[in-house]
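Participant: For reference, the sequence and a predicted model appear below.
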Amino acid sequence: MAVVEVRGLTKRFDGTGAAAVDGIDIASRDGEFLVLLGPSGCGKTTLLRMIGGLEPPTAGDILIGGRVVTDLPPRARQIAMVFQSYALYPHMSVAGNIAFPLKAANMPKAAQQERIAWAAGILGIDGLLERKPRQLSGGQRQRVALARALVREPNVFLLDEPLSNLDAQRRASARDELQQFQRRVATTTIYVTHDQVEAMGMGDRIAVMEQGHIRQLGPPEEIYDEPADTFVATFVGSPPMNLVPDPAGGDLIGFRPEHFQPAADGPAEVARFPFHVHRMEYLGAERLLYGEVGEAKVVARFPVTVPIPVELGATAEFAVPLQHLKRFDAETGQRRPARSPS
Amino acid sequence: MTAGTPAADLVEERPSRYLLDRVGVLGPLLLLPTVVYIVALVGVPLVLALLYSLSDITVGDQSLDFVGLRNFQDAVGNATFQQALRNTFIFTLVSQVVVLILANILALVLSADFKGKRLVRFLILLPWTTPIALGALGWLWTLDNVYSPIDYVLRQLGLLGIGSPLGPRWEGTNALWLAQADLARLTVLTVHIWRTLPLATVILLAGLTAIPQDVKDAANVDGAGFFRQLFYIRIPLLLPIMAVAVLYGIVFTFTDMTVVFIITRGGPVDSTQVLASWAYFRGIEGGSLGQGAAIALFLFPVLVGVAAMMLRLARRTETV
């Protein structure tokens, strides 16, 4: 177990002007499940590959367990990695795949067998040890890849979108299994994904990345409830946070679709908006109302248990409780400290 | 058959309006040129060779009088044939072993990133793009018994000539590459290696690039050093494609007569004859077509074996 820390880490690929990873500072906690979340091309995989030693950084340092490993090859870093494709060795059996890191470490044969049985037991693949990777399903391959990562008890797990090759149904149960597995082995884990459901559901903390920068680092609730800027606000959450210009000034006002409800009489602790409704989307457990506030497109979310009080094509007064109103600088997109609206 | 139900209607094949829309017509029609081509250029000569080998046909007397296996018996009893058979196998096996080792090394080097990689790749491919006859001519001149530039360089380096490590050869200061049986065999072998190495390298290079980057990365992270990755990951994953390269090399070398024909003409004293060249000298230049055909047919079993292995490999890659 170890803390992973990067300091001023930068990666520039030849021929491209912009940095793929641009001076990132981030430190994990011991045993933490840290998620790097961002759209494709944001630099999250490059960051992970630099931590793993598969990509040399242009500048900056990487520390694992307090030791600078920037110039060490991957094999000297005591890490294990699970790839999006699982990267199993196709010509080896499952047992051979799991044994490979142990053989590379010159572990005696008997000890190897013990470790293989142990790792296979944890991941429930005891019955598959003699099979070849091509005879396995996607979920089984993923578990073999995890067993291979687990078997030599690394200081850090690096996972690069390990669930994206599974079908949607299998992915939900794999999320659950993966998180239980991580809790059980309590090894610091850095997990790259573009899927916010995975990030929110599994991460102890989430680092939201965009264009080589970390926009925000925090637990899922904080990322969702207190986004640091308009990028995080609109990237996390589905549908994303609504942003409308403040009628009183140059700011943007943000609020989540589930907080945007028909205005009721009563205490005035709310901000009121005229909402012109275009379209309703029926999603089973909930419904989404699409429309506009002024020029800005806005979405409201209703549980199926709540009746919708508006006709399509009409305008109604909707409101957001003040504590759910977030203000952003319209120029920079940065969050403004909370203040009561005029 | 329950005619009339919709399902039955679908299964029943309806005659198409246009003749060429029918699979049963169009398919054979498209295959026809290939079949004609193969029958005319492979089938007919093969049958002719079988017929000739069992007859006493010569250039002068083209009547096909059946003589049984006499041509084969005569061929096998001939010392030159035995030499040619031995040479054919030695040239093929040794050159392919050397090519396999060198191609692996070259492919590894060329798959790395370095300046001038494209130029080096181009240079390595050159021998393969050169027509065999031209390449062999170049070697013939390079290894000339009197004017060989290699001899010149060796002499200048003090390696060849009176009092030098290689000493005086024969009576002069030339190595006489083509005039001594051992050196002549070595020469033929070298030219075969020179000729088949580029293709094998390119095939292996393609195989190396086909190994997923993730697998190489995983081996790196799993703690494998260079040699462990080479012998446990890369070479095992390359094996099928190596087999392809070797099979091609075997076919090219085993059946080749150009190299021997141009550089040594089988000499000195038939010491570098191979089956293909001996069949030519016996059958065409010697005029004994039946003998020539019998000698050439000794290539057949090996080529059938190679073809069978190629088909097996192809089928295996299809099923993966």
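Facilitator: Noted; the coordinates are in hand. Since this is a predicted model, take the numbers as computed values, not measurements.
Participant: Enumerate the residues of the stretch 51-200 of chain A near chain B.
Facilitator: Taking Cβ under 8 Å from any Cβ of the partner chain as the measure of proximity, the stretch 51-200 of chain A contacts chain B at A:52-54, A:73-75, A:79-81, A:83-91, A:100-101, A:103-105, A:134, A:148, A:152, A:158. (C-beta placed from N, C-alpha, C; glycine too.)
Participant: Need the buried ones from the residues you listed selected in PyMOL.
Facilitator: To isolate the buried members of those in PyMOL, using 16 or more other Cβ atoms under 10 Å in any protein chain shown:
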select buried, chain A and resi 52+53+54+74+75+79+80+81+83+84+85+86+87+88+89+91+100+101+103+104+148+152+158
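Participant: Which ones among the residues of the stretch 51-200 of chain A next to chain B lie within strands?
Facilitator: A:Ile79, A:Ala80, A:Met81, A:Leu158 (DSSP state E).
Participant: Now do the same contact list for the first one.
Facilitator: If a contact means Cβ atoms under 8 Å, 6 or more residues apart in numbering or on different chains, then A:Ile79 has A:Ile51, A:Gly52, A:Gly53, A:Ile64, A:Pro154, A:Asn155, A:Val156, A:Phe157, A:Leu158, B:Val221 as its contacts.
Participant: Out of these, which is nearest to B:Ala49?
Facilitator: B:Val221 (57.8 Å; Cβ to Cβ).
Participant: Just the ones of the contacts of A:Ile79 in helices?
Facilitator: Secondary structure from DSSP state H places A:Ile51, A:Gly52, B:Val221 of the contacts of A:Ile79 in helices.
Participant: which one of those residues is nearest A:Ala314?
Facilitator: Nearest member of the ones in helices among the contacts of A:Ile79 to A:Ala314, counting by Cβ to Cβ, is A:Ile51, at 53.5 Å.
Participant: residue ranges with poor pLDDT in chain A?
Facilitator: Low-confidence segments of chain A (pLDDT under 70): A:1, A:15-16, A:265-268, A:338-342.
Participant: Which elements pack onto the lengthiest strand in it?
Facilitator: Counting by DSSP E, the longest strand found in chain A is strand A:270-282. Using 3 or more Cβ pairs under 8 Å, 6 or more residues apart in numbering or on different chains; DSSP states H and E as the contact test, the elements touching strand A:270-282 are strand A:286-293, strand A:296-303, strand A:315-321.
Participant: and the next element down the chain from the last one?
Facilitator: Pointing back at strand A:315-321 there. Next in sequence after strand A:315-321, counting helices and strands by DSSP states H and E, comes strand A:326-329.
Participant: which parts of that following strand are buried?
Facilitator: Buried residues in strand A:326-329, counted by 16+ other Cβ under 10 Å: A:Lys326, A:Arg327, A:Phe328.
Participant: What are the buried residues along the helix or strand containing B:Ala103?
Facilitator: When elements are assigned from DSSP H and E, B:Ala103 belongs to helix B:79-111. When burial is assessed from 16+ other Cβ under 10 Å, helix B:79-111 yields the following buried residues: B:80-81, B:83-85, B:87-88, B:91-92, B:94-96, B:98-100, B:103-104, B:106-108, B:110-111.
Participant: and what of stretch A:235-249?
Facilitator: By 16+ other Cβ under 10 Å, the buried positions in stretch A:235-249 come out as A:Phe235, A:Val236, A:Gly237, A:Pro239, A:Pro240, A:Met241, A:Asn242, A:Leu243, A:Val244, A:Asp246.
Participant: Ramachandran coordinates for the residue most central in space within chain B?
Facilitator: A centroid search over chain B (Cα atoms, centre = their mean) returns B:Phe252, at 1.3 Å, as the residue closest to the centre. The phi/psi pair for B:Phe252 (degrees, to the nearest 10) reads phi -60, psi -50.
Participant: That one and B:Arg195 touch, don't they?
Facilitator: Yes: applying Cβ atoms under 8 Å as the test, B:Phe252 and B:Arg195 come out as touching, 7.4 Å apart.
Participant: tell me the phi and psi of residue 24?
Facilitator: The chain I'm using is chain A. Torsion angles, degrees, to the nearest 10, at A:Ile24: phi -90, psi 130.
Participant: That was the other one, I meant chain B.
Facilitator: phi -60, psi -20.
Participant: can you count the residues close to it?
Facilitator: 10 (other Cβ atoms under 10 Å in any protein chain shown).
Participant: Contact residues of the stretch 201-320 of chain B facing chain A?
Facilitator: B:212, B:214-215, B:217-225, B:228, B:232-233, B:236-237, B:320.
Participant: show me what contacts the residue in the stretch 1-150 of chain B that chain A sits nearest to?
Facilitator: For the stretch 1-150 of chain B and chain A, the shortest gap (Cβ to the nearest Cβ) falls at B:Asp113, measuring 10.8 Å. Listed by Cβ under 8 Å, 6+ apart, B:Asp113 has no contact partners.
Participant: Distance of it relative to B:Val269?
Facilitator: In this structure, B:Asp113 and B:Val269 are 51 Å apart, going by Cβ to Cβ, to the nearest Å.
Participant: For stretch A:212-220, buried residues please.
Facilitator: Quick answer for stretch A:212-220 (16+ other Cβ under 10 Å): A:Gly212, A:His213, A:Ile214, A:Arg215, A:Gln216, A:Leu217, A:Gly218, A:Pro220.
Participant: Okay, now the unreliable bits of chain B?
Facilitator: B:1-16, B:161-173, B:317-320.
Participant: Disregarding residues adjacent in the polypeptide, which is nearest to whichever residue of the stretch 201-342 of chain A sits closest to chain B?
Facilitator: Nearest residue of the stretch 201-342 of chain A to chain B (Cβ to the nearest Cβ) works out as A:Met209 at 20.8 Å. Spatial nearest neighbour of A:Met209, chain neighbours left out: A:Gly38 (3.6 Å); criterion: Cβ to Cβ, 6 or more residues apart in numbering or on different chains.
Participant: since we're on the one you found, how many residues are nearby?
Facilitator: 28.
Participant: Tell me if I'm right that it and A:Val208 touch.
Facilitator: Yes: with contact defined as Cβ under 8 Å, A:Gly38 counts as touching A:Val208 (6.2 Å).
Participant: Pull up the overlap in contacts between those two.
Facilitator: A:Phe235.
Participant: Please, where are all the strands along the stretch 51-200 of chain A?
Facilitator: A:59-64, A:67-68, A:79-82, A:156-160, A:188-193 (DSSP state E, counting those that start in this stretch).
Participant: Tell me the strands beside the second one, with direction?
Facilitator: Same thing as strand A:67-68. strand A:59-64 (antiparallel) (DSSP bridges).
Participant: Which residues does the partner strand contact?
Facilitator: Counting by Cβ under 8 Å, 6+ apart, A:2-10, A:23-24, A:50-51, A:68-70, A:77-79, A:155-156 sit against strand A:59-64.
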